[in-house]
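Undergrad: return a 3D structure for these sequence lines:
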Amino acid sequence: MTYVLGLDLGTSSIKGLLMDREGTIVAIESEEYPLYHPYPGYSEQDPSDWVKGAKGVIQKILEKFPETAESIEAISFSGQMHSLILLDAQDNVLRKAILWNDVRTTKQCKTIMERFGDKVLQINKNLALEGFTLPKMLWVQENEPEIWGKVASFLLPKDYLAFWLTGNKTMEYSDAAGTLLLDIKEKDWSREVLETFNVPATICPKLTTSTGFVGNIQEEVAKELGLKNTVPVFAGAADNAAAAVGAGIMTEDKAMASIGTSGVFLSYEENADKDFGGNLHYFNHAAENAYYIMGVTLAAGHSLTWFKNTFAEEDDYQTLLNGIDQVPVGSNGLLFTPYIVGERSPHIDSQVRGSFVGVDTSHTKKDFTRAVLEGVTFSLKDSQELLKEHANKTFETIVSVGGGAQNEEWLQIQADIFGAKVITLEIEQGPAMGAIMIAAVGAGWFPDLKSCAEVFVRYQKEILPKEENVKKYEQLYSIYREIYPATKELTHKLQQFR
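TA: Below is the predicted model:
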């Protein structure tokens with residue numbers, strides 16, 4: 001029996017999946033690592049913690065299944081996007097990685113859009129936002145010039161793991177698209193962007209496809225890990241692109257609603273010439289010569305986690321969600337906006353904050369809980385509407401993944417608010433599933449990701465919208481959309497008191 005290994009480098013932990021040729025998951029292991037917040041709005045990690053976590057995951061798998069030490073045929077990755085790793089000429093890490101959820105770069109984003117905004121949209125198809133990589137580079141240029149002067153190369157998180165394993169520096173298109181440095185259509189680093197913002201072309205890694213060969217694991221690393229054969233490493237994909245692969249989003253007739261810490265509403269696209277004016281994210285897909293379009297909710301599952309930890313700390317999630325099916329549509333006149341850390345789509349606003357609207361003395365914890373689920377789903381509905389308005393896309397089927405797919409009533413809420421059939425996956429491992437599928441294609445098990453998906457991606461539940469609920473949610477959604485303009489200035493003013 002032979003196997004492939006997928007590593008998903010997330011924001012708080014790394015997950016490893018081992019799978020055989022039949023698409024059976026043999027092992028799942030994970031390791032956590034710390035986040036550093038030296039100042040408000042800052043979010044950093046030490047790349048050595050990622051390496052330590054990856055070692056731990058691989059070694060755990062090999063200890064439990066020692067027979068796999070000589071039969072792993074390929075390794076690939078998925079990983080958090082945008083986060084900046086800077087290396088010197090000796091390949092030493094120059095500072096902690098500045099992460100995707102770090103918001104120190106508002107000034108640099110404004111500079112980019114004022115100086116080069118039209119060109120950025122033309123070349124990269126995306127607005128300059130705090131999460132992206134180029135603004136982080138400009139921040140280092142301005143605030144840590146002694147570090148910037150030593151930079152010889154930059155990488156993104158999963159690519160740093162590939163470098164540790166193989167000694168080779170590469171970056172594939174789906175992750176490179178989130179740097180603001182890539183010409184998305186031409187699939188090459190943009191000389192115009194690089195020159196405009198004084199980023200040397202020499203620091204940019206070689207570009208490749210998601211299934212591109214990076215190199216074999218270095219002999220000393222393989223020995224340390226306990227691997228007994230030569231294992232090829234393939235480039236992998238950005239977390240959202242990998243999640244799309246793992247959910248089978250490789251045709252234009254389906255969308256994906258993913259509810260993790262953040263949330264995305266995502267669809268497949270084959271046309272490189274679309275222009276959405278920055279209203280939607282537009283990135284290269286892991287599938288070759290394809291793209292994906294998405295809107296983002298910054299605090300999706302995070303809203304439910306915040307609510308539980310703040311108001312129901314004694315409950316586990318099952319207890320918290322028990323009985324929400326008995327709460328009527330609209331949570332007895334209570335609405336929640338999940339802007340607790342700002343919002344991305346359709347409101348690019350880092351200062352807005354969330355609200356419960358309509359609170360009265362009759363409301364119970366269950367009403368508030370259902371309102372949180374409905375509010376998060378309404379926020380994803382905003383992205384669904386953006387796809388309809390700017391990309392002319394409608395969907396009869398939506399694949400639900402993440403925390404929102406784990407509760408029957410939340411699945412029904414999604415079907416009713418989206419007004420579409422919602423389906424779930426038989427194997428639900430998020431971006432890690434995409435990583436392992438990329439490894440399977442790299443190993444030669446399948447000719448491409450679409451054919452791999454036909455075998456590895458299997459759907460399970462099917463939830464149909466209830467017409468009476470759809471009509472009620474349409475009315476509620478129109479009210480929900482009024483909350484942002486009504487509360488925007490109020491919540492902005494309140495920030496001065498923090």
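Undergrad: from here on, contacts and neighbour counts on C-alpha atoms
TA: OK.
Undergrad: residue 475: neighbour count?
TA: Neighbour count for residue 475, taken as other Cα atoms under 10 Å: 11.
Undergrad: go on, residue 399?
TA: Neighbour tally, residue 399, other Cα under 10 Å: 24.
Undergrad: residue ranges for the helices of the stretch 101-250 of the chain, please.
TA: 106-124, 133-143, 145-148, 157-166, 173-176, 191-196, 219-225, 239-246 (DSSP state H, counting those that start in this stretch).
Undergrad: hey, which of those helices is tucked in deepest?
TA: Each of these was scored by mean neighbour count; the highest is helix 173-176, a mean of 30, by mean count of other Cα atoms under 10 Å.
Undergrad: hmm, who's touching that helix?
TA: With contact meaning Cα atoms under 8 Å, 6 or more residues apart in numbering, helix 173-176 is reached by 81-82, 156, 182, 184, 187, 207-210, 237-238, 241, 283-286.
Undergrad: what subset of the residues you listed is buried?
TA: With neighbours counted using 16 or more other Cα atoms under 10 Å, these contain these buried positions: 81-82, 156, 182, 184, 187, 207-210, 237-238, 241, 283-286.
Undergrad: can you put the helices of the stretch 101-250 of the chain in CSV and add mean pLDDT and distance to residue 396?
TA: Shown next, in CSV, are these (pLDDT from 0 to 100; distance: least, Cα to Cα, whole Å):
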stretch, mean pLDDT, distance to residue 396
helix 106-124, 93, 30
helix 133-143, 98, 35
helix 145-148, 98, 49
helix 157-166, 98, 34
helix 173-176, 97, 26
helix 191-196, 96, 39
helix 219-225, 95, 46
helix 239-246, 94, 17
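Undergrad: ok, which of those comes nearest residue 47?
TA: Proximity to residue 47 (Cα to Cα) singles out helix 157-166 among the helices of the stretch 101-250 of the chain, at 7.5 Å.
Undergrad: quick one on the thing from earlier: can the helices of the stretch 101-250 of the chain go into TSV with extra columns for distance to residue 264?
TA: Shown next, in TSV, are those (distance: least, Cα to Cα, whole Å):
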stretch	distance to residue 264
helix 106-124	19
helix 133-143	19
helix 145-148	33
helix 157-166	20
helix 173-176	16
helix 191-196	27
helix 219-225	35
helix 239-246	8
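Undergrad: what's the closest of these to residue 367?
TA: The nearest among those, by Cα to Cα, is helix 239-246 at 31.5 Å.
Undergrad: check which residues of the helix or strand following that closest one are buried.
TA: Later in the chain than helix 239-246, the nearest helix or strand by DSSP states H and E is strand 254-259. Going by neighbour count (16+ other Cα under 10 Å), the buried part of strand 254-259 is 254-259.
Undergrad: start to end distance for stretch 266-276?
TA: Start to finish, the residues bounding stretch 266-276 are 14 Å apart (Cα to Cα, to the nearest Å).
Undergrad: buried sites along that stretch?
TA: Within stretch 266-276, the residues that qualify as buried are 266-270, 272, 275-276, counting by 16+ other Cα under 10 Å.
Undergrad: from those residues, which is closest to residue 379?
TA: residue 266 (13.3 Å).
Undergrad: what sits against the closest one?
TA: By Cα under 8 Å, 6+ apart, the neighbours of residue 266 are 244, 255-257, 292-295.
Undergrad: and of these, the nearest to residue 425?
TA: Closest to residue 425, out of all of the contacts of residue 266 and judged by Cα to Cα, is residue 256, at 11.1 Å.
Undergrad: so that closest one touches residue 247, yeah?
TA: Yes - with contact defined as Cα atoms under 8 Å, residue 256 reaches residue 247; the gap is 7.4 Å.
Undergrad: quick check: neighbours shared by these two?
TA: Contacts common to residue 256 and residue 247, judged by Cα under 8 Å, 6+ apart, are 399, 401.
Undergrad: and the gap between residue 487 and residue 87?
TA: 43 Å.
Undergrad: what's the pLDDT at residue 447?
TA: For residue 447, the model assigns a pLDDT of 96.
Undergrad: what of residue 267?
TA: So, for residue 267, pLDDT stands at 96.
Undergrad: what residues are bridge-paired with it?
TA: With DSSP bridges as the criterion, residue 267 is bridged to residue 255, residue 293.
Undergrad: residues contacting residue 200?
TA: For residue 200, the contact set (Cα under 8 Å, 6+ apart) comprises residue 194.
Undergrad: repeat that for 10 Å
TA: 151-153, 191, 194 (Cα atoms under 10 Å, 6 or more residues apart in numbering).
Undergrad: next one: residue 139
TA: The contact partners of residue 139, taken as Cα under 10 Å, 6+ apart, are 104-109, 145, 148.
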